[in-house]
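Trainee: any chance you can model this:
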Amino acid sequence: MRGRTPVGPELTEKLAGSTLARERMQVILETIAGECRVQEACEQLGICQQRFERLRVLAIEAGIAALELKPAGRPAKVLSETEIENIRLQQRIAELEAELKITHIRVELATQLPQLGAATKNHHPGRGEHGSRGSPARDRGTPRSRDR
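Mentor: Presented below is the predicted three-dimensional model:
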């Protein structure tokens with residue numbers, strides 16, 4: 001036979017775990033491999049047959065669970081409540097800083113260009129000095145400030 005020599009239940013001696021756990025696994029594997037009868041295994045471990053059967057089922061279930069395919073790559077990070085709140089607050093801070101920057105620009109423009117703001121409030125493009133229908137003050141019967 002070529003390649004590595006087959007390793008059976010004695011592999012448990014080389015693996016991590018307590019002495020008791022490794023001994024139980026080795027005996028379970030020996031019964032599965034047909035090297036040991038269940039009654040002999042129970043006597044060796046000092047447990048009843050029902051307890052042995054339960055241990056064997058648990059060991060096989062754990063082995064199957066360990067061999068299930070898992071998604072490739074790193075598992076997705078689950079965020080805690082505090083991490084979610086922290087992210088939300090950081091986003092809110094960024095929004096408020098942007099609003100503050102806009103307000104600073106508006107204030108700077110208002111202080112640097114006050115005449116521009118005044119000129120656009122009084123000027124109506126497309127109308128003459130009194131507008132298209134004359135002075136609204138005259139229409140109401142009140143004198144204009146220049147007429148006084």
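Trainee: not counting its neighbours along the chain, what's nearest the residue nearest to the spatial centre of the chain?
Mentor: The centroid of the chain falls nearest to residue 79 when counting by CA atoms, centre = their mean (4.7 Å). Distance criterion CB to CB, 6 or more residues apart in numbering; nearest residue to residue 79, sequence neighbours excluded, is residue 87 at 7.6 Å. C-beta: built from backbone N, CA, C; applies to glycine.
Trainee: element containing the one you found?
Mentor: Assignment of secondary structure by DSSP states H and E places residue 87 within helix 81-112.
Trainee: grab the CA positions of stretch 75-92 and hand them over as CSV.
Mentor: The C-alpha atoms that make up stretch 75-92 are tabulated as CSV, following Å, rounded to 0.1, in the frame of the first residue of the first chain:
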residue,chain,number,x,y,z
PRO,A,75,-18.2,36.1,8.2
ALA,A,76,-20.2,39.3,8.1
LYS,A,77,-19.6,41.5,11.1
VAL,A,78,-22.7,41.8,13.3
LEU,A,79,-22.9,45.3,14.7
SER,A,80,-23.9,45.9,18.3
GLU,A,81,-26.6,48.5,19.3
THR,A,82,-23.9,50.9,20.4
GLU,A,83,-21.9,50.5,17.2
ILE,A,84,-25.1,51.2,15.2
GLU,A,85,-25.9,54.3,17.3
ASN,A,86,-22.3,55.5,16.9
ILE,A,87,-22.5,55.2,13.1
ARG,A,88,-25.8,57.1,13.2
LEU,A,89,-24.4,59.9,15.3
GLN,A,90,-21.3,60.2,13.1
GLN,A,91,-23.6,60.6,10.1
ARG,A,92,-25.6,63.3,12.0
